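> fold the following.
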Amino acid sequence: MEAAGALVTIVDLGSANGVRVNGRRLAPGEVASIGSGERVRLGAVVLQVRRRCTYDVEPLPGDAT
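Alright, predicted model coming up:
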């Protein structure tokens, strides 16, 4: 998984269990863009992508940004 600016991508490097984005299995070597709220499955692990606000705003009290 790689993040470059607002773009997040993932690639299946030939994993045994496969990589799924929102239930769709990626082919080996296939790159997929991932948006906020989308789910990525790596074998038995499911990750949900969340993007934090990148606007110039004041952090909430106690927020360690």
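
> quick one: residues contacting the residue most central in space within the chain.
When C-alpha atoms, centre = their mean is applied to the chain, the residue found nearest the centroid is Val49 (4.6 Å). For Val49, the contact set (C-beta atoms under 8 Å, 6 or more residues apart in numbering) comprises Val8, Ile34, Gly35, Ser36, Gly37, Glu38, Arg39, Val40. Quick note: C-beta positions are derived from backbone N, CA and C, even for glycine.

> ok, now Ser15?
Leu42, Gly43.

> gap between it and Leu26?
9 Å (C-beta to C-beta, to the nearest Å).

> phi and psi next, for Arg24.
phi -100, psi 120 (degrees, to the nearest 10).

> do Gly29 as well
Residue torsions, per degrees, to the nearest 10, at Gly29 are phi 90, psi -10.

> so how many other residues sit close to it?
By other C-beta atoms under 10 Å, 9 other residues sit near Gly29.

> next: Ala6.
Residues lying near Ala6 (other C-beta under 10 Å) number 9.

> show me the shaky parts of this structure.
53-60, 63-65 (pLDDT under 70).

> got a list of what Ser33 touches?
Leu7, Val8, Thr9.

> ignoring the adjacent residues along the chain, who's closest to the first one?
Here the nearest residue to Leu7 in space, its sequence neighbours aside, is Ser33; by C-beta to C-beta, 6 or more residues apart in numbering that works out to 6.5 Å.

> now swap in Glu2 and tell me
Nearest to Glu2 is Thr9, by C-beta to C-beta, 6+ apart, at 5.4 Å.

> I'm done for today, thanks for sticking with me.
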